[in-house]
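> Sequence and predicted structure are below.
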Amino acid sequence: MTRDEMIEAIAEVIDTEATLTPETPLESLEEYDSVAVLSLMSWFDELGISVAPKDFEGLKTVADLLALAEG
Amino acid sequence: MAEIRFDDAAIRGIVTTAGDRKVMIEDEAEAFGYDERTLKRLKRSMGFASRHVVSDPSVCTSDLCAQSAHRLFKGLAIDPSSIDALLFVSQTPDYRAPSTAIILQDRLGLSTRTVAFDINLGCSGFINGLYTAYSFIHSGMERVLLCVGDIASRFAYPQDKNLTPLMGDAGSAVLIERTVNSPSAFVLHSDGSGYEHLIIPAGGCRQPVTPESLEPKTFEDGAIRRAVDMFMNGGEIFNFTIKVVPAMFEELFALSGREKETVDYFVLHQANRYILQNIAKRLGVGAERLPMDTMTEYGNQNSASIPGTVNARLSNVYSQKRVRSVFAGFGIGLSWGACMVETDTIFAPPIQLYQKGQA
């Protein structure tokens, strides 16, 4: 998956219609809540990426999510 | 390793009694501090709609189980004195001691020659209880009564927005009997390294009750509760579930020698719709064979959620046919287990609501 495809997939997983860029602050997305974190954990798991809930603490932007996905 | 097969025990009847008061999430949203968007999101993705709790604060899990047991004895024309063992699986016993199972022995009219004790488990409790019952039959007993359930509204703090809206009250009674040629397989797991993710911290020996532990506080997760109330780290529990449950199914298919296509119904612990949809997707089984919405109507019934789903959603099927089922429970402990069992036209009436005086 390219970086753009990853960003598109993230938007789909957290169920937002906002256009995401790596710089988009997560707190600007009203859909980025505890349910979105569960959905992201599940999606990462399906991609074979092992993450824990605490890995999401302190993430600020979409780029931080990409970094988490890249390990 | 806890992987076991039997062929000499089977379930004869399942009855579940739920709390008599139906609470709608819309009516509770304000108390939990949900705004309109949060409420909409929780309804859509988690499946929050309503839950059943007991209206009388003096009603215990044993009262719900006793009402279920009476119906079970009547439906199967069973003489209570013919029962060899009574197991009570719950985290809400009548007293800290003695075992509620022993009190139920007398109350339900069982013989004093009955084995009776409690098992302290939640979400995985039905599987572990059923395994214990099948083991008792295998060791020579004829009839075992398994009572499971919780008054979850008693251990979740009423204003805890993370836990309370999930929880329902229910108590089931299940009769297990000696039979022949009824193959079953059990896979059981425990991992105490995650014990802090679902816990009632205070009230045991490690952290006795103090005036402080009875004070409501706002915790790091933003929820209000006391140290004597149940805490759940939802993210950790979800993460644990999606990792261990699909792997456990693979173990069960291998142990039983039967693939998922041969299973009529997958009845799983009804944690919430979101988790069940996730597991179903990984398992590759649709909602027609894996009910997902018991929690949506009744709330999470803890150890009674598997029998509760049989009674609430599949009463006709289990009462009229031979059924091959996979049952699976997962959660507090951490503890998880699954079994594959066969039933043949058992007594499984629709779920009933608690009525004072019926127990």
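Looks like it came in fine. Residues are numbered from 1 along each chain as shown, chains lettered A, B, ... in the order given.

> C-alpha only now, for contacts and for neighbours.
Fine.

> Tell me how many other residues crowd the residue in chain B that chain A sits nearest to.
Distances between chain B and chain A by Cα to the nearest Cα are smallest at B:Gly235, namely 5.6 Å. Applying other Cα atoms under 10 Å in any protein chain shown, we find 18 residues neighbouring B:Gly235.

> what's the answer for B:Gly109, then?
The number of residues near B:Gly109, taken as other Cα under 10 Å, comes to 13.

> Now the residue of chain B closest to chain A: which helix or strand?
Per DSSP states H and E: B:Gly235 is located in helix B:234-256.

> thinking again about what came up before, show me what contacts the residue of chain B closest to chain A?
A:34, A:37-38, A:53 (Cα atoms under 8 Å, 6 or more residues apart in numbering or on different chains).

> quick one on the thing from earlier: may I have the helix holding B:Gly235 as PDB, with CA atoms only?
Listed next in PDB are the C-alpha coordinates belonging to helix B:234-256 (Å, rounded to 0.1, in the frame of the first residue of the first chain):
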ATOM      1  CA  GLY B 234     -12.100  -1.500  26.900                       C
ATOM      2  CA  GLY B 235      -9.200  -1.000  24.400                       C
ATOM      3  CA  GLU B 236      -7.100  -3.800  26.100                       C
ATOM      4  CA  ILE B 237     -10.000  -6.200  26.300                       C
ATOM      5  CA  PHE B 238     -10.900  -5.600  22.600                       C
ATOM      6  CA  ASN B 239      -7.300  -6.100  21.600                       C
ATOM      7  CA  PHE B 240      -7.100  -9.300  23.600                       C
ATOM      8  CA  THR B 241     -10.300 -10.600  22.200                       C
ATOM      9  CA  ILE B 242      -9.400 -10.100  18.500                       C
ATOM     10  CA  LYS B 243      -6.100 -11.800  19.100                       C
ATOM     11  CA  VAL B 244      -7.100 -14.900  21.100                       C
ATOM     12  CA  VAL B 245     -10.600 -15.800  20.000                       C
ATOM     13  CA  PRO B 246     -10.000 -16.600  16.300                       C
ATOM     14  CA  ALA B 247      -7.000 -18.700  17.300                       C
ATOM     15  CA  MET B 248      -9.100 -20.500  19.900                       C
ATOM     16  CA  PHE B 249     -11.600 -21.500  17.200                       C
ATOM     17  CA  GLU B 250      -8.900 -23.000  15.100                       C
ATOM     18  CA  GLU B 251      -7.800 -25.100  18.100                       C
ATOM     19  CA  LEU B 252     -11.400 -26.200  18.700                       C
ATOM     20  CA  PHE B 253     -11.900 -27.200  15.000                       C
ATOM     21  CA  ALA B 254      -8.600 -29.200  15.100                       C
ATOM     22  CA  LEU B 255      -9.500 -30.900  18.500                       C
ATOM     23  CA  SER B 256     -13.100 -31.800  17.500                       C
END
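
> Contacts for whichever helix or strand comes after it, please.
Next along the chain after helix B:234-256, taking DSSP H and E as the criterion, comes strand B:265-268. By Cα under 8 Å, 6+ apart, the residues outside strand B:265-268 that reach it are B:276, B:289-291, B:305-306, B:309-310, B:323-329.

> re earlier: please point out which parts of the helix holding B:Gly235 sit buried.
In terms of neighbour count (16 or more other Cα atoms under 10 Å in any protein chain shown), helix B:234-256 has its buried residues at B:234-242, B:245, B:248-249, B:251-253, B:255-256.

> got it, and stretch A:52-70?
Neighbour-count burial for stretch A:52-70 flags A:53, A:61-65, A:68-69 (criterion: 16+ other Cα under 10 Å).

> So which residues on chain A come close to chain B?
Neighbours of chain B within chain A, by Cα under 8 Å from any Cα of the partner chain: A:34-35, A:37-38, A:41-42, A:52-53.

> coming back round to it: any of the contacts of strand B:265-268 buried? List them.
Buried among the contacts of strand B:265-268 by 16+ other Cα under 10 Å: B:276, B:290-291, B:305-306, B:309-310, B:323-329.

> for chain A, what are the nearby residues on the stretch 1-150 of chain B?
Residues of the stretch 1-150 of chain B found near chain A (Cα under 8 Å from any Cα) are B:Ser45.

> now the strands: where do they sit in the stretch 1-150 of chain B?
B:3-6, B:9-18, B:21-24, B:50-53, B:85-89, B:115-119, B:143-151 (DSSP state E, counting those that start in this stretch).

> Nearest to B:Gly33 among those would be which one?
Closest to B:Gly33 of these is strand B:21-24 (Cα to Cα; 15.0 Å).

> Going by contacts, tell me the helices and strands next to that closest one.
Strand B:21-24 sits against strand B:50-53, with contacts defined as 3 or more Cα pairs under 8 Å, 6 or more residues apart in numbering or on different chains; DSSP states H and E.

> Report the contact partners of the closest residue to chain B within chain A.
Proximity of chain A to chain B (Cα to the nearest Cα) peaks at A:Pro53, 5.6 Å away. Neighbour list for A:Pro53: A:37, A:41, B:235-236, B:239 [criterion: Cα under 8 Å, 6+ apart].

> Just the pLDDT at it, thanks.
With respect to pLDDT, A:Pro53 scores 89.

> so how far is B:Cys123 from it?
Applying Cα to Cα, to the nearest Å, the value for A:Pro53 to B:Cys123 is 21 Å.

> Now do the helices in chain B.
B:25-32, B:36-41, B:61-76, B:100-107, B:125-138, B:152-155, B:234-256, B:273-283, B:294-298, B:305-313, B:315-320 (DSSP state H).

> quick one: which of those helices is nearest A:Glu27?
Closest among those, once you apply Cα to Cα, is helix B:36-41, at 15.1 Å.

> tell me which residues in that closest one are buried?
Neighbour-count burial for helix B:36-41 [16+ other Cα under 10 Å]: B:Leu39.

> same for that helix, what does it pack against?
Packed next to helix B:36-41, using 3+ Cα pairs under 8 Å, 6+ apart, is no helix or strand.

> So what touches it?
Contacts to helix B:36-41, defined as Cα under 8 Å, 6+ apart, come from residues B:26, B:29.

> rerun at 10 Å
A:30-31, A:33, A:35, B:25-26, B:28-30, B:32-34, B:43-44, B:46-49 (Cα atoms under 10 Å, 6 or more residues apart in numbering or on different chains).
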